[in-house]
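*Asks:* Pasted the sequence and its predicted model underneath.
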Amino acid sequence: MSPAPATRPNSVTLRFLAAPMDVGVAGTVSAGTVLEWVDKAAYAAAVGWSSSYCVTAYVGNIRFEDPISSGDLVEVTASVVYTGSTSMHIRTEVSFSDPRELRPTMSTTCLVIFVAVDGNGKPTAVPNYVPESLREIELRNNALARIEVRNQIVASMKDQVYSNAGTAERVVLRFMASPTDVNWGGKVHGGIVMKWIDEAAALCASRYCGLDTVAVFSGGIRFYRPLFIGDLVEVEARLVYTGTKGMHIAVHVRSGNPKTREMNLTTYCLTIMVTRDETGTAVPVKPWIPVTEEDHRLHDHALELLTIRANAPGGYTPTHLAHDPGQAGAAQEQSK
């Protein structure tokens with residue numbers, strides 16, 4: 001496969017003002033809305049590079065840093081950093097600033113993988129991306145290094161079983177996919193699905209701690225099948241682990257024909273929520289103690305994901321995500 005023409009753009013930047021309607025219950029722009037922006041920018045970059053319709057395949061290593069407020073000037077930059085035969089790995093950065101001062105602050109970074117498809121919905125070849133500058137080579141190498149990490153995360157997540165045997169906080173949202181949720185290809189935007197995930201995770205975490213919560217990290221978002229207008233959607237969120245300050249919420253999105261009872265897994269991920277004080281600092285949460293065998297298995301699964309990510313290139317384990325040995329000891333003592 002030959003390199004792409006030099007005129008083909010590998011980067012797209014969206015620029016706009018955050019609107020009052022973008023603000024969530026915590027008083028700042030919700031993580032779900034930010035993920036919508038990320039998906040749109042990454043989609044634009046993928047389509048611009050491949051010149052074909054593209055579908056979201058995976059979103060990982062999403063870090064939510066400083067919150068965005070209504071009226072902030074937002075920039076979302078999506079850049080192709082690596083291409084496979086039919087896939088494009090796109091690094092996306094979200095920054096914001098007071099439009100009167102124009103001093104950007106980083107808010108969110110993540111890696112989005114899109115697959116180019118033809119008119120029949122089958123994967124189709126994309127032009128090869130060849131990095132030129134040292135920075136582009138570094139980003140390409142980072143994307144390559146995370147492939148094995150992603151495979152480990154996916155393997156760990158797909159083997160887990162979630163049933164009614166769990167005792168942790170759990171919420172289920174059900175609704176119909178509406179015409180306003182879909183893109184021009186007739187399928188529900190990946191960004192919309194991620195917004196549903198954030199809403200369910202926030203509700204589950206808030207019910208557990210009794211306070212407003214916000215996302216600080218999300219990862220392992222794999223899209224298994226498309227969603228269409230009229231599909232019955234079920235978003236299930238369950239607490240699986242509490243760190244020093246973070247509540248780890250596993251979220252499953254299922255969908256199906258409302259005329260039948262068959263529901264298929266559409267998307268699955270793990271989101272980490274925190275509650276913040278008036279200064280915006282994450283505060284400790286009460287520890288969740290696993291009770292049943294399933295509780296313990298999912299608790300250990302969350303710890304395994306933390307370990308995988310901590311050992312990854314650019315591993316991310318700040319205080320509110322990290323393993324709390326004292327808490328784990330309390331859980332073991334309680335189970336005796």
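*Replies:* All right, it came through fine.
*Asks:* residue contacts, the nearest residue to residue 118 once chain neighbours are set aside?
*Replies:* Residue nearest to residue 118 in three dimensions, not counting chain neighbours: residue 124, with 4.4 Å by C-beta to C-beta, 6 or more residues apart in numbering. Quick note: C-beta positions are derived from backbone N, CA and C, even for glycine. Neighbour list for residue 124: 50, 52, 86, 116-118 [criterion: C-beta atoms under 8 Å, 6 or more residues apart in numbering].
*Asks:* How about residue 174?
*Replies:* Contacts for residue 174 (C-beta under 8 Å, 6+ apart) come out as 232-235.
*Asks:* That one is in what secondary structure piece?
*Replies:* strand 170-176 (DSSP states H and E).
*Asks:* got it, and residue 303?
*Replies:* Using DSSP H and E, residue 303 falls within helix 293-310.
*Asks:* Show me which residues of that helix are buried.
*Replies:* Residues 294-295, 297-299, 301-303, 305-306, 308-309 are the ones in helix 293-310 that count as buried (16 or more other C-beta atoms under 10 Å).
*Asks:* Among these, which one sits closest to residue 68?
*Replies:* Nearest to residue 68 among those is residue 309, at 24.1 Å by C-beta to C-beta.
*Asks:* That closest one against residue 220, yeah?
*Replies:* No - if you go by C-beta atoms under 8 Å, residue 309 and residue 220 don't touch, sitting 9.3 Å apart.
*Asks:* So for those two, which residues contact both of them?
*Replies:* Residues within reach of residue 309 and of residue 220 at once, by C-beta under 8 Å, 6+ apart, are residue 153.
*Asks:* per-residue confidence for the residue nearest to residue 277 when sequence neighbours are not counted?
*Replies:* Excluding the flanking residues, the one nearest residue 277 by C-beta to C-beta, 6+ apart is residue 283, at 5.3 Å. Note for residue 283: predicted pLDDT of 91.
*Asks:* For stretch 102-117, which residues meet the burial criterion?
*Replies:* Neighbour-count burial for stretch 102-117 flags 107-117 (criterion: 16+ other C-beta under 10 Å).
*Asks:* Can you name every helix or strand that the longest helix belonging to the chain contacts?
*Replies:* Counting residues, the longest helix found in the chain (DSSP state H) is helix 134-158. For helix 134-158, the packing partners by 3 or more C-beta pairs under 8 Å, 6 or more residues apart in numbering; DSSP states H and E come out as strand 54-64, strand 73-83, strand 87-97, strand 214-223, helix 293-310.
*Asks:* Show me how far it is from its chain's centre.
*Replies:* Relative to its parent chain, helix 134-158 has a centroid offset of 15 Å by C-alpha atoms, centre = their mean, to the nearest Å.
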